[in-house]
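**Q** here's my sequence, what's the structure:
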Amino acid sequence: MRSFLLKEHLTQYFLTSMSYIKSNSLKMKTSFIVLFVFCYSVCSSQQKKQYELFFDSGKDILTESSIKTIDSLFNKIKPEKISSVKIYGYCDSIGNKEYNNKLSIKRAQKAKAYISEKGILSDSIFIKGYGKTNQKYKSIKWDKNRRVSFELYFKKKTTPKKTVIEKPIEKIKPTDTIKTEIENFVTNSEIGDKMALKNITFYGGTDKPMTISFKTLEELVNTLKDNPTLEIAIEGHICCSTTDEDDLSGRRAKTVYNYLIGFGIAKKRLSFKGFGHTQPLTEERNSEEQQMNRRVEIRILKK
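**A** You can find the predicted model right below:
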């Protein structure tokens, strides 16, 4: 929108300025036109392109055509160049408000899950459902309101920083040990204290952990083994949705629970539960705040 308004101002300025310089030299006119074309092209290049996926009536499953659209797009774009994705779900006017609100969110979630499989981190994908509001298509094309639209945001190009040579850090002696963040938390905590597990990340819309999660999970296993009387509750939370019909938060907490059991931690020392979106830490005004709400926590039950 900003780019559009800026282009409008540039166009008006161009017409006004050209009338002013009519009596001046050709060189002045040429220089002005080149400057205008450059500014106009910069504004045009900043426009966001919106992609759309269409759904069958009452369904939240990606159609073959929608899958081809996403596949074709990510065959041309490298995922590492994308900083974030915004996905919006919509419905037609059939059905009541509550039904369409839930369906639009499910459609956005399915699109998010498939896009995350293309190498986009789930944490950088924002979703929202609009139900049957914002009806874009009218008349004979009204069925196209059963859709998902998504926008891609690209990382800014940065210039390489100069290498700074720092003084060498004294090497740690082999007999020294460094406590992990989880170990420090357990050592200094009291019964009832909670901690969000950093870097526990799942593929979009699923309870399948991403590779980055395993280092933290291993640290948690080791901490439990080093503290044999420690008992914890594992608590899952989600962001960006007021409902958790599929108990995604609970299933993610259970994934951590099963991982610990698989590495020899006794079931009697563990419990798990999903809290959906009932305990948000932030208002989710940006991706960082969304990530703070999308979390798995541990709570100390016994030491």
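**Q** CA only for contacts and neighbour counts going forward, please
**A** Fine.
**Q** gap between the two ends of stretch 267-277?
**A** One end of stretch 267-277 sits 26 Å from the other (Cα to Cα, to the nearest Å).
**Q** how about it: buried residues?
**A** 269-277 (16 or more other Cα atoms under 10 Å).
**Q** show residues contacting that stretch.
**A** The contact list for stretch 267-277 (Cα atoms under 8 Å, 6 or more residues apart in numbering) reads 230-244, 247-254, 257, 261, 293.
**Q** quick check on those: which are buried?
**A** Judged by 16+ other Cα under 10 Å, buried ones among those: 230-241, 244, 247-254, 257, 293.
**Q** need the strands for the stretch 1-150 of the chain, in chain order.
**A** Taking DSSP state E, counting those that start in this stretch as the criterion, the stretch 1-150 of the chain carries its strands at 50-54, 82-89, 125-129, 147-154.
**Q** tabulate those (TSV), appending mean neighbour count and mean pLDDT.
**A** Output for the strands of the stretch 1-150 of the chain, formatted as TSV (neighbours: other Cα atoms under 10 Å; pLDDT from 0 to 100):
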stretch	mean neighbour count	mean pLDDT
strand 50-54	17	89
strand 82-89	21	89
strand 125-129	22	91
strand 147-154	19	89
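**Q** run through the stretch 101-250 of the chain and note the low-pLDDT ranges.
**A** Within the stretch 101-250 of the chain, the ranges that satisfy pLDDT under 70 run 157-178.
**Q** try it again at 80.
**A** The stretch 101-250 of the chain contains residues with pLDDT under 80 at 122, 140, 155-179, 204-205, 241-242.
**Q** quick check: L103 touching D60?
**A** Yes: counting by Cα atoms under 8 Å, L103 does reach D60; the two are 6.7 Å apart.
**Q** where along the stretch 201-303 of the chain do the helices fall?
**A** Along the stretch 201-303 of the chain, counting by DSSP state H, counting those that start in this stretch, helices occupy 214-226, 248-262, 287-293.
**Q** which strands or helices does the second one pack on?
**A** Meaning helix 248-262. helix 214-226, strand 231-237, strand 270-274 (3 or more Cα pairs under 8 Å, 6 or more residues apart in numbering; DSSP states H and E).
**Q** now for the second one, which elements pack on it?
**A** In this structure, strand 231-237 packs against helix 248-262, strand 270-274, strand 295-302, with contacts taken as 3+ Cα pairs under 8 Å, 6+ apart.
**Q** and the last one, what's buried?
**A** Of the residues in strand 295-302, those buried under the neighbour-count criterion (16+ other Cα under 10 Å) are 295-301.
**Q** closest to E288 among the residues you listed?
**A** The shortest gap between E288 and any of the buried residues of strand 295-302 belongs to R295, at 11.9 Å (Cα to Cα).
**Q** residues contacting the closest residue to that closest one other than its chain neighbours?
**A** Distances taken as Cα to Cα, 6 or more residues apart in numbering put H237 closest to R295, at 5.3 Å, once the chain neighbours are dropped. By Cα under 8 Å, 6+ apart, the contact set of H237 is 249-250, 274-279, 293-296.
**Q** just E80 next, same as before
**A** If you count contacts by Cα under 8 Å, 6+ apart, E80 has them with 119-120.
**Q** just to revisit the earlier point, point out the most buried one among the helices of the stretch 201-303 of the chain.
**A** helix 248-262 (a mean of 20; mean count of other Cα atoms under 10 Å).
**Q** what angle sits between it and strand 231-237?
**A** Relative orientation of helix 248-262 and strand 231-237, computed by axes from the mean of the first three to the mean of the last three Cα atoms, to 10 degrees: 150 degrees.
**Q** residues in contact with helix 248-262?
**A** Helix 248-262 has contacts (Cα under 8 Å, 6+ apart) with 202, 205-209, 217, 221, 234-238, 267, 270-276, 296.
**Q** secondary structure element for N199?
**A** Here N199 is covered by no helix or strand, with elements defined by DSSP states H and E.
**Q** now for K194, how many residues are close by?
**A** Residues lying near K194 (other Cα atoms under 10 Å) number 19.
**Q** E183 versus that one, what's the distance?
**A** 13 Å.
**Q** what about the helices in the stretch 51-200 of the chain?
**A** Secondary structure of the stretch 51-200 of the chain, counting by DSSP H, counting those that start in this stretch: helices at 64-76, 97-116, 181-188.
**Q** out of those, nearest to F154?
**A** The closest of the helices of the stretch 51-200 of the chain to F154 is helix 64-76. By Cα to Cα, the value is 13.2 Å.
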